Each structure stands twice: as C-alpha cells, then as structure tokens.
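Asks: structure of the sequence below:
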Amino acid sequence: MASVFSMIIAGDLPGRFVYADDVCVAFLSINPLSLGHTLVVPRVEVDHWLDLDDDTIAHLHVVGSRVGRAIQQAFSPVRVGTAIAGFEVPHTHLHVFAADSMQTFDWSAADPDPDARVLDGAAEAIRAALHDHGYGDHVPA
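Replies: Numbering: from 1, shown residues only. Down below sits the predicted model:
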C-alpha cells in the first residue's frame with residue numbers, strides 16, 4: 001500500500017506544495033511545529049533514510065537548504081531547524097521549520113489542527129521567497 005506521502009505526491013490527497021523536481025517534492029506539514037514547517041520528501045518511497053542512495057539523500061539536503069533559506073526570508077526566525085525522525089510515516093522525509101528555541105523541536109507541541117488560511121499564507125510566502133532565490137522553475141503554480 002502506498003504511503004500517505006506517495007498519495008500526496010500522486011495528487012490523490014491534497015498537499016500545499018512549495019517545491020517540486022524530478023527527485024523530490026516539498027509541501028507543508030499538516031501538523032506544524034512552527035509557521036511554514038515543510039516536509040522535503042523523495043518521490044521514491046523508501047522508509048528509512050539510510051536506505052536512500054547517496055545522490056538522493058544529498059539532493060534532499062540541498063532542497064532542504066533552499067526551503068530553509070525561503071523560510072528564513074519569509075518568517076525571520078532565530079534559526080531554521082531540520083530533522084529526520086522517520087516514525088510518523090514510513091516514507092523518508094526531512095522536516096524543515098522555523099525555530100526560535102530548542103522548544104520548537106518538541107513534536108508533542110505540534111499544532112494538531114492548524115488554520116487552513118494560515119497554512120495557505122505560509123505556503124505562498126515560502127513560494128515567493130523561493131522565486132526570489134532563483135528557484136522559480138521548481139515552484140508549483
């Protein structure tokens with residue numbers, strides 16, 4: 001059975017995409033740790049990140065840094081954090097999120113029911129920043 005992320009990538013479930021290329025996509029988390037919390041997900045469905053080939057894992061981190069710079073521009077946090085937890089969905093994904101302190105890294109504080117308008121606005125802000133940084137070719141319409 002396909003993972004929920006594979007279903008989002010295929011368009012079978014909705015997602016707020018901010019970036020897409022042949023190797024991976026990036027879309028907003030539905031349980032964000034902070035405003036603009038984005039997941040960078042390879043198109044290939046691999047459960048554990050250690051099982052990805054070197055090129056794919058490197059590419060995820062390159063895209064993660066692009067998204068991170070966009071989050072920095074859009075929301076001006078103290079830092080931009082990343083994490084690969086791997087327990088929520090059996091499909092590798094890199095979390096990229098605005099972080100003002102270590103408390104931001106507490107998954108138990110994730111918003112279980114974020115406002116759709118806030119998520120839409122955050123996605124637009126990240127897309128605009130990605131355009132500003134020269135990655136417009138990878139920003140979905």
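Asks: got the CA coordinates for stretch 108-119 in CSV?
Replies: What follows is stretch 108-119 as a C-alpha-only set of coordinates in CSV (Å, rounded to 0.1, in the frame of the first residue of the first chain):
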residue,chain,number,x,y,z
SER,A,108,4.4,17.0,21.2
ALA,A,109,3.8,20.7,20.8
ALA,A,110,2.9,20.4,17.1
ASP,A,111,-0.3,22.0,16.1
PRO,A,112,-2.9,19.2,15.6
ASP,A,113,-5.4,21.5,13.8
PRO,A,114,-3.8,24.5,12.0
ASP,A,115,-6.0,27.1,10.3
ALA,A,116,-6.1,26.4,6.6
ARG,A,117,-5.8,30.1,5.7
VAL,A,118,-2.6,30.3,7.8
LEU,A,119,-1.1,27.3,6.0
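Asks: chain center to that stretch: distance?
Replies: 14 Å (C-alpha atoms, centre = their mean, to the nearest Å).
Asks: mind listing what's buried along that stretch?
Replies: 110-111, 114, 119 (16 or more other C-beta atoms under 10 Å). For the C-beta atoms, the positions are set from N, CA and C on the backbone; glycine is no exception.
Asks: next structured bit after the lengthiest helix in the chain?
Replies: Determined from DSSP state H, the single longest helix within the chain is helix 54-75. For helix 54-75, the succeeding helix or strand toward the C-terminus, using DSSP states H and E, is strand 79-83.
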